[in-house]
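Undergrad: just the structure for this:
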Amino acid sequence: MQALVVAAHGSHLNPDASDPAYAHADAVRERGAFDEVREAFWKEEPHFREVLRTLESDEVFVVPLFISEGYFTERVIPRELRLEGWEPDLWDSDGTSATHATLEAEDVGKTVHYCGPVGTHDAMTDVIVRRAESVTGDPEVGEGFGLAVVGHGTERNENSAKAIEYHADRVRDRERFDEVRALFMDEEPEVDDVTDYFESRDVVLVPLFVADGYHTREDIPEDVGLTDDYRRGWDVPADVDGHRVWYAGAVGTEGLLADVLLERAIDAGADVDVDIDAAVDPDSTAEGAGTPPESEPESGKERTLEAGGGET
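TA: Residues are numbered from 1 along each chain as shown. Below you'll find the predicted structure:
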């Protein structure tokens, strides 16, 4: 028997922070790809520390629902799962190339294939493009448009910016959009000045965050100038300094992300007999993709997450 564990941050403050983890786990579960599928969290139950004990399977694939390689993926999750012999060097990664490492959780007698985070998988580039398609309602969006891939960024973890720049480079290489930029909240170039970096009149902003929360629902819309008060919502597109800015929801809420979870597990050797071509075809249609309302964010819910990883 084989099991999949979707490992996410969660939040003590707002249970909606875990919505993407449950949604993507449900999507995988419905496709019958694994004998068992579980969600596990750092700040919610079921906790990382207990999840392996809830499984009957003796072979487990753990996929972190995080954007970057860093403290949570390299330290917290392996420690809480009690993976014998884990070291970040086992991923042999430059900060964006983690694949998987196979270790033993000896206290529960299970073999664990610990995968890199979804955020650095190559298929995530397709999810970013899908968000641009969804928010504009145009499956051919690109010509005449600029695309901003927006991340948190932090001097404390250089890999945070690496993931954003990696996918921005991959989108740019496709030559689909007239301009592609990686922008950040906490380092240069800053998303606050988005219109300074684009000549295109139409600019799509795609936040590379797992869940919609404080940063994506409050900080970015106000800092960019989409609205003076996030509580009143904003137009899609919004007029900002002579540009039309199309603001998408967090990339982690895109339905196509379930395919990226499967890709991660398959790369680690999971015996999965399902069609996941959508994960490498940005022109295909994924259940869960949608276009936001004209005058407010995509969801009526405000998701306020804890600082330190809830959105990433």
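Undergrad: do you have the helices of the stretch 151-300 of the chain handy? List them.
TA: 158-173, 214, 220-224, 257-267 (DSSP state H, counting those that start in this stretch).
Undergrad: which residues does the first one contact?
TA: What it means is helix 158-173. 67-70, 94-96, 119-120, 122, 124-125, 128-129, 147, 149-154, 177, 180-184, 187, 208, 312 (C-beta atoms under 8 Å, 6 or more residues apart in numbering). No exception for glycine: its C-beta is placed from N, CA and C like everyone else's.
Undergrad: that one: how far from the chain's middle?
TA: 13 Å (C-alpha atoms, centre = their mean, to the nearest Å).
Undergrad: buried sites along that helix?
TA: 159-168, 170-172 (16 or more other C-beta atoms under 10 Å).
Undergrad: nearest to residue 25 among these?
TA: Distance to residue 25 across these (C-beta to C-beta) is lowest for residue 163, with 22.0 Å.
Undergrad: how about that closest one: what's its closest non-neighbour residue?
TA: residue 68 (4.6 Å; C-beta to C-beta, 6 or more residues apart in numbering).
Undergrad: ok, the residue nearest to residue 1 when sequence neighbours are not counted - contacts?
TA: Of all residues not flanking residue 1 in the chain, residue 57 sits nearest, at 3.8 Å (C-beta to C-beta, 6+ apart). Contacts for residue 57 (C-beta under 8 Å, 6+ apart) come out as 1, 2, 3, 34, 35, 36, 110.
Undergrad: number of residues surrounding the first one?
TA: For residue 1, the count of nearby residues is 11 (other C-beta atoms under 10 Å).
Undergrad: do I have it right that it meets residue 58?
TA: Yes: counting by C-beta atoms under 8 Å, residue 58 is a contact partner of residue 1 at 6.7 Å.
Undergrad: need the overlap of contacts for those two.
TA: Counting by C-beta under 8 Å, 6+ apart, nothing touches both residue 1 and residue 58.
Undergrad: now, the contacts of residue 57 that are in strands?
TA: The strands, defined by DSSP state E, take in 2, 3, 36, 110 from the contacts of residue 57.
Undergrad: for those, which ChimeraX command selects only the ones that are buried?
TA: Burial among the ones in strands among the contacts of residue 57 is assessed by 16+ other C-beta under 10 Å; the matching ChimeraX selection reads:
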select :2,3,110
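Undergrad: any chance of the ones in strands among the contacts of residue 57 in JSON lines, plus distance to residue 241 and pLDDT?
TA: Shown next, in JSON lines, are the ones in strands among the contacts of residue 57 (distance: C-beta to C-beta, whole Å; pLDDT from 0 to 100):
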{"residue": "2", "distance to residue 241": "52", "pLDDT": "97"}
{"residue": "3", "distance to residue 241": "50", "pLDDT": "98"}
{"residue": "36", "distance to residue 241": "51", "pLDDT": "98"}
{"residue": "110", "distance to residue 241": "54", "pLDDT": "97"}
